[in-house]
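[1] Turn this into a structure:
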Amino acid sequence: MLKSMTGFGRAEQVIGKKTFLVEIKSLNGKQFEILLKLPSLLKAYEFDIRNMLSEKLLRGSIDCTITLKQNGAAKPVVINTELAKSYYRQLAELAESLQLDTSSILSSLLKLPEVVVPSTEIMEEEEWNAFRAVVDEAIANINTHRVNEGAVLEKDLTQRIDNIREQHEKVIALEPLRQQKIKEGLVKLMEEHVGKDNFDTNRLEQEMIYYIEKIDISEEQVRLKNHCDYFKSLLEEDGDAKGKKLSFILQEIGREINTTGAKAYDASIQKSVVLMKDELEKAKEQVLNVL
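    Residues are numbered from 1 along each chain as shown. Prediction:
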């Protein structure tokens, strides 16, 4: 089972006189990166919230926004009345000396520094525990989304590996014909440039064996098959974070494909190599989204 790094989760709940909304969006990323936006009431719990997200989301670029809606008699801000009175006395004296209208002093007072300040209300332990459940619900929702996206990725990656194996089987079938073509080609060259009776056939046979061993691709085909089998078995294993392992296996698959192409010297095999490389690149793009 695979999980995608892409997903979205949302949860909303009323806790006391407050309504909390948690929205989490995840995109692919090499490590765990988080952009966390939360109200001042939760600043003291920022480290705990980050830990909850990192432990359960593991990897990806995470954008988490927590919104607080005040209900009923809850006070999101407080007015510093003593400071406002002090400001008022000075403004009133100034307005009187300048013979100005004092009817709009209140609106001016509210804009002065420190008159209206955020509430210093602290979240109680019971409220915090209830809020944790909201975060857990949003995380569960995004993980459900990730599993659904992962199923699509798994199907596509399986198809890509099957396509590589199909071309790999064609290469194995062509290998004996390739060796025969190489032998015939070398004999023909010798006969054309040296003459049919002017070279040692035993020595030529020894040289051909050495040359064919140098360009033999049988070991690459064995390793390629093993890597493909391991890739598919890893897809079926339990566990969440597999993206990096799958990426490493694809690198090994690519190495065997490239070596096959470098040693092939055969148009039909080269065609299969090109098709395998195409499937490999598509698989690499998809693996970037795997958790």
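[2] any idea how far Gln221 is from the closest residue to Arg132 other than its chain neighbours?
    Leaving out its chain neighbours, the residue that sits closest to Arg132 by C-beta to C-beta, 6 or more residues apart in numbering is Met52, at 7.2 Å. The way it works is simple: take the backbone N, C-alpha and C, and place the C-beta from them, glycine included. Met52 sits 48 Å away from Gln221, going by C-beta to C-beta, to the nearest Å.
[3] got it, and Gln13?
    Where Gln221 is concerned, Gln13 sits at a distance of 58 Å (C-beta to C-beta).
[4] swap in Ser40?
    Distance of Ser40 to Gln221, computed by C-beta to C-beta: 63 Å.
[5] Compare neighbour counts for those two and give me the winner.
    Gln221 (17 against 12; other C-beta atoms under 10 Å).
[6] wait, doesn't the more buried one sit right on Ile172?
    Yes: applying C-beta atoms under 8 Å, one finds Gln221 in contact with Ile172, separated by 5.6 Å.
[7] can you pull out the strands in the chain?
    All strands of the chain, identified by DSSP state E, fall at 7-15, 18-27, 32-37, 60-70, 77-79, 116-118.
[8] So which of those strands is the most surrounded?
    Most buried of these, by mean neighbour count (mean count of other C-beta atoms under 10 Å): strand 18-27, with a mean of 20.
[9] so what strands line up beside that strand?
    Its sheet considered, strand 18-27 pairs with strand 7-15 (antiparallel), strand 60-70 (antiparallel) by DSSP bridges.
[10] To Asp136, which of these lies closest?
    Relative to Asp136, the nearest member of the strands paired with strand 18-27 by C-beta to C-beta is strand 7-15, separated by 8.2 Å.
[11] Next, find the distance separating Glu93 from Lys111.
    According to C-beta to C-beta, Glu93 stands 19 Å off from Lys111.
[12] now do Trp128
    According to C-beta to C-beta, Trp128 and Lys111 sit 34 Å apart.
[13] higher neighbour count, these two?
    Comparing Trp128 with Lys111 by other C-beta under 10 Å, the one with more neighbours is Trp128, at 15 against 8.
[14] Hmm, Tyr45 and the more buried one touching each other?
    Yes: counting by C-beta under 8 Å, Trp128 does reach Tyr45; the two are 6.4 Å apart.
[15] And Leu174, how far from Phe20?
    64 Å.
[16] Quick one, grab the pLDDT at Leu224.
    At Leu224, the predicted lDDT confidence score is 90.
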